[in-house]
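Novice: sequence-free structure coming up:
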């Protein structure tokens, strides 16, 4: 099958200056992939005539389709229309239909139309306006050296409507694309990207040969590694069947223990699900993470079904008074286990996690990055320590996910 | 003055597929602008050897500097090192210093290093490793046809450290850039962008004429509105003088109460500073926000100077048992004031904030979005209620910033 490629160009100096993050290109890229259209390049360029033309003509040379985002507004800075016309070697003409539509848009909102909005009704000769126009900026479709250029506004909701309801169906119809692409994401914690790649190398090779699906690793920092399986097919059913079978194979290769979710759900959602299924209530005693674990748990709708509450004993005297921690070093196996037990006692809950450590930046009696973590399940305590080589925020983040993962493994083996 | 241009290339198929949004390029673009370096193009390209080479060689042709982001990981997909070597026409060599550093990184985290991580210690002949290496991926600096290429990992925090502490100073030194651009950010809470713009319109007009500085508004959602004043000059002193004078004018126009920080610091940092200056200890009782307030407070280095701890009484019985809340509705003026008082009592602290509400998505006896908030200062309780029209996460976020702002205003008037 012929592979169709579509390239995205985002126009706007504000994108280069980082004043606005270009989420449009990413979104379009995702939609193209799901439609079975390849996308090899995405370029951002400022509001400069020569540079816009050079980027557009390069895109036209190397891709079957080009989607240009932005630069369709009413001001002199908005150059996309003019540059497409220049590249085509034609004039811009006032399109009376568009004048009417734009005027109607303004009067419908009880606003008078500023004169320069009529610039938006200009269309390069031989090009056409897109039939879908959610805002006051019309989209364009133009031909240049055998490549189709679509121009859409940079306003995300306007752009999205044009791409979804007009451009993607247009490309699929023109090119006879009928297949669909779906993916399934397994989330893992506890192995490195290279470690997982090594374990899955024969599966990846097999899939490379079979061509039925692909496996990709997405490093997600503190959130672990995602394994994304993607398959293409003619129907939802056939694609889902492939995805389920491959997910099963991946799981049996790397082991179920390392996978905390098979449907892209977060670690905290997994913990809540495990507690709910086993009828367990959850409590926390977090010193160093200082509410981070609790805030992740409570970010989940329905967390109140299992989460009773937490104690944040930031100062030592609160550890002692409320959680019955003995006097002595608070970053220690003894203290963190007493915290986990104390949390179960005072919060009257079945399982708990506890954290005590020094996140930095200043060393105290404890070195920076030293953390003790404990879990209590069925009255049995387990604890471990790590010395993180990170900055304060990442020490807190990595501790949060690590201790939740430790609890997950205990609940998992309890089922 | 010669204008220096630096182009950004982001490498990774996941960027084109929209699985990850490329925030790196935007961030780098912003830093370049603040350093007085022009940036005309930003390109995303997938993990494909030929396409990476074509994008890199084009970037080298048209820019003085190129920063390549991503593709420095340990897997076969990570092609940046190899493609730079190919373009330079040299071999990759194993760098023993890097081997040592990478090995140490893994052993520090109690993990065994997979063999293929040694790929990251390969450096093109004639290129050098960047001296700053926050993670396991070394950055590179290479020369190609008179242009300098910097390669940095795609992991944001690793990339940021390399760009800030190494690449930007390097470019400025090499090119003799001495003019500096600085900005000062006032952070506000409680007025709209159009409201502030109206109040500041005559200042903005005056600056447009004088050309000494610019004022920009950055809407930051739940974090309020930032007012950014930017000025350019030959010395830190002259630029800072302009910034201070303009900040003073802005503050006297919009009023000091609305400004929670004059140096871009967060609401929680402001609270800690106010408590520290007044010798007050702080405690929390947060039900609906469930640790979000505490996690923001404890994200600040030195928060342990003032923050004693918090109670997260997610279930009603914990509100009653630990915080002495009376039986009855927990989302109420009475309950939230008892929570604030109970927090001061059990945590033995001078001031406290308390939150109780329903963040949704399901209505209980309390409507979705209904929140009661209280503060206790010098034993005096104040409380207020809001019905947010938002989703769960934004209800939690807006509540957090609102109650902290309420405490700020009380501490501010107490000074």
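Specialist: Okay, I see it. This structure is a prediction, so every number in the text was calculated from the model and none was measured.

Novice: In chain A, where's the longest helix?
Specialist: In chain A, taking DSSP state H as the definition, the longest helix is helix A:392-414.

Novice: so does it get close to chain B?
Specialist: Yes - contact of helix A:392-414 with chain B (CB under 8 Å from any CB of the partner chain) involves A:392, A:393, A:394, A:396. No exception for glycine: its C-beta is placed from N, CA and C like everyone else's.

Novice: list the helices and strands that helix packs on?
Specialist: If contacts are counted by 3 or more CB pairs under 8 Å, 6 or more residues apart in numbering or on different chains; DSSP states H and E, helix A:392-414 sits against helix A:267-278, helix A:292-298, strand A:351-357, strand A:370-377, strand A:380-387.

Novice: Next, count neighbours for residue A:115.
Specialist: Residues lying near residue A:115 (other CB atoms under 10 Å in any protein chain shown) number 8.

Novice: nope, residue A:50 is what I was after
Specialist: Residues within reach of residue A:50, counting by other CB under 10 Å, total 8.

Novice: now the helices for the stretch 151-300 of chain A?
Specialist: A:156-162, A:168-175, A:193-199, A:201-210, A:236-254, A:267-278, A:292-298 (DSSP state H, counting those that start in this stretch).

Novice: now for those, which one comes closest to residue A:349?
Specialist: Nearest of those to residue A:349, taken as CB to CB: helix A:267-278 at 9.6 Å.

Novice: Dump the helices of the stretch 151-300 of chain A into TSV; add mean pLDDT, mean neighbour count and distance to residue A:324 as well.
Specialist: Formatted as TSV, the helices of the stretch 151-300 of chain A follow (pLDDT from 0 to 100; neighbours: other CB atoms under 10 Å in any protein chain shown; distance: least, CB to CB, whole Å):
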stretch	mean pLDDT	mean neighbour count	distance to residue A:324
helix A:156-162	92	18	53
helix A:168-175	94	16	62
helix A:193-199	89	20	40
helix A:201-210	91	12	50
helix A:236-254	94	16	41
helix A:267-278	97	20	24
helix A:292-298	98	27	20
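
Novice: which parts of stretch A:62-75 are buried?
Specialist: Across stretch A:62-75, burial judged by 16 or more other CB atoms under 10 Å in any protein chain shown covers A:63, A:64, A:65, A:66, A:67, A:68, A:69, A:70, A:71, A:72, A:73, A:74.

Novice: nope, stretch A:372-382 is what I meant
Specialist: Residues of stretch A:372-382 classed as buried: A:372, A:373, A:374, A:375, A:376, A:377, A:381 (neighbour count, 16+ other CB under 10 Å).

Novice: now swap in stretch A:111-122 and tell me
Specialist: Buried residues in stretch A:111-122 (16+ other CB under 10 Å): A:113, A:117, A:119, A:120, A:121, A:122.

Novice: Now, those residues that are in strands?
Specialist: Judged by DSSP state E, the subset of these located in strands is residue A:122.

Novice: so which of the buried residues of stretch A:111-122 comes closest to residue A:352?
Specialist: Residue A:352 has its nearest neighbour among the buried residues of stretch A:111-122 in residue A:120, at 60.6 Å by CB to CB.

Novice: so what's the closest one up against?
Specialist: A:72, A:73, A:74, A:98, A:102, A:136, A:137, A:138 (CB atoms under 8 Å, 6 or more residues apart in numbering or on different chains).

Novice: So what pairs up with the residue lying closest to residue A:3 once chain neighbours are set aside in the strands?
Specialist: Using CB to CB, 6 or more residues apart in numbering or on different chains and skipping residues adjacent in sequence, the residue nearest residue A:3 is residue A:38, 5.5 Å away. Beta-bridge partners recorded for residue A:38 (DSSP bridges): residue A:5.

Novice: what's the neighbour count on residue A:38?
Specialist: Neighbour count for residue A:38, taken as other CB under 10 Å: 15.

Novice: what's the answer for residue A:134, then?
Specialist: By the criterion of other CB under 10 Å, residue A:134 has 16 neighbours.

Novice: Please verify my assumption that it contacts residue A:156.
Specialist: No - with contact defined as CB atoms under 8 Å, residue A:134 does not reach residue A:156; the gap is 10.8 Å.
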